[in-house]
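# this one's structure only:
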Ligand SMILES: Nc1ncnc2c1ncn2[C@@H]1O[C@H](COP(=O)(O)OP(=O)(O)OP(=O)(O)O)[C@@H](O)[C@H]1O
């Protein structure tokens with residue numbers, strides 16, 4: 001489903017990915033670990049089509065993901081609907097006037113019928129217990145509340161692949177348990193998960209496949 005072939009990426013002179021080969025099948029739950037600065041966030045940006053290989057190739061469902069390919073609006077829309085990316089910093093993701101608008105934004109962009117937009121929005125608000133926050137502007141919420149809203153936004157898109165960067169960071173224990181249960185159910189439903197985490201317990205509970213990146217910016221399956 002996801003295939004990286006000898007992918008390199010550099011920020012000007014700063015190498016961040018070195019000849020990365022990676023195969024992820026539908027339904028896998030891949031956990032990626034590695035020290036600070038080894039290239040994990042860069043890899044996630046690349047998988048999400050925000051940056052592109054300087055060398056090598058990235059294929060999603062046999063389509064090569066390049067800057068040129070994503071200039072095709074139909075293709076880009078399809079690809080971005082398949083990939084749900086939960087940012088580490090929720091602030092970069094939230095921009096609507098209210099939490100409810102924020103969660104409904106994706107389904108509206110997908111041009112879903114109004115009743116389905118409403119249903120998905122309500123389901124996601126309920127899932128994260130944030131119905132009470134629906135009228136509030138997202139930028140006035142606490143860090144943990146913002147995280148719940150950004151997770152609800154991504155899940156309202158019902159993505160095929162969910163990419164998570166330290167998903168439990170900043171959440172209280174009850175919300176961590178709820179999110180972990182959700183992620184396990186999401187995976188059981190045949191969806192694909194890619195998680196970056198330093199949290200060993202989360203890695204063990206969620207992962208079916210494990211990869212480690214090293215300080216040389218190389219990736220190895222373990
Ligand atoms: N915008 C940028 N410009 C220049 N160099 C960058 C940029 N972003 C990241 N880097 C560099 O690329 C390398 C990989 O960074 P990346 O953020 O992918 O690491 P990471 O494994 O996610 O780190 P952490 O665990 O600390 O979040 C690092 O050496 C970093 O300094």
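Received, thanks. Computed from a prediction, not measured in an experiment: that's the story for all the values here. Numbers count the residues shown, from 1 in each chain.
# where along the chain do the helices fall?
40-47, 73-82, 99-109, 114-127, 143-155, 173-188, 200-206 (DSSP state H).
# Point out the residues in the chain that sit beside the ligand.
11, 14, 16, 34, 36, 37, 38, 39, 40, 41, 42 (CB under 6 Å from any ligand atom). C-beta coordinates here come from the backbone N, C-alpha and C atoms, glycine included.
# Which pair of the residues you listed spans the longest distance?
Maximum pairwise distance in the residues of the chain next to the ligand, criterion CB to CB, is 17.1 Å, between 11 and 34.
# Quick one: the helices of the chain as a markdown table, columns for mean neighbour count too.
Conversion of those to a markdown table gives the following (neighbours: other CB atoms under 10 Å):
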| stretch | mean neighbour count |
| --- | --- |
| helix 40-47 | 22 |
| helix 73-82 | 14 |
| helix 99-109 | 21 |
| helix 114-127 | 16 |
| helix 143-155 | 22 |
| helix 173-188 | 15 |
| helix 200-206 | 14 |
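# Mean pLDDT added to those helices, as JSON lines?
As requested, the helices of the chain are exported to JSON lines (pLDDT from 0 to 100):
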{"stretch": "helix 40-47", "mean pLDDT": "94"}
{"stretch": "helix 73-82", "mean pLDDT": "91"}
{"stretch": "helix 99-109", "mean pLDDT": "92"}
{"stretch": "helix 114-127", "mean pLDDT": "94"}
{"stretch": "helix 143-155", "mean pLDDT": "87"}
{"stretch": "helix 173-188", "mean pLDDT": "88"}
{"stretch": "helix 200-206", "mean pLDDT": "93"}
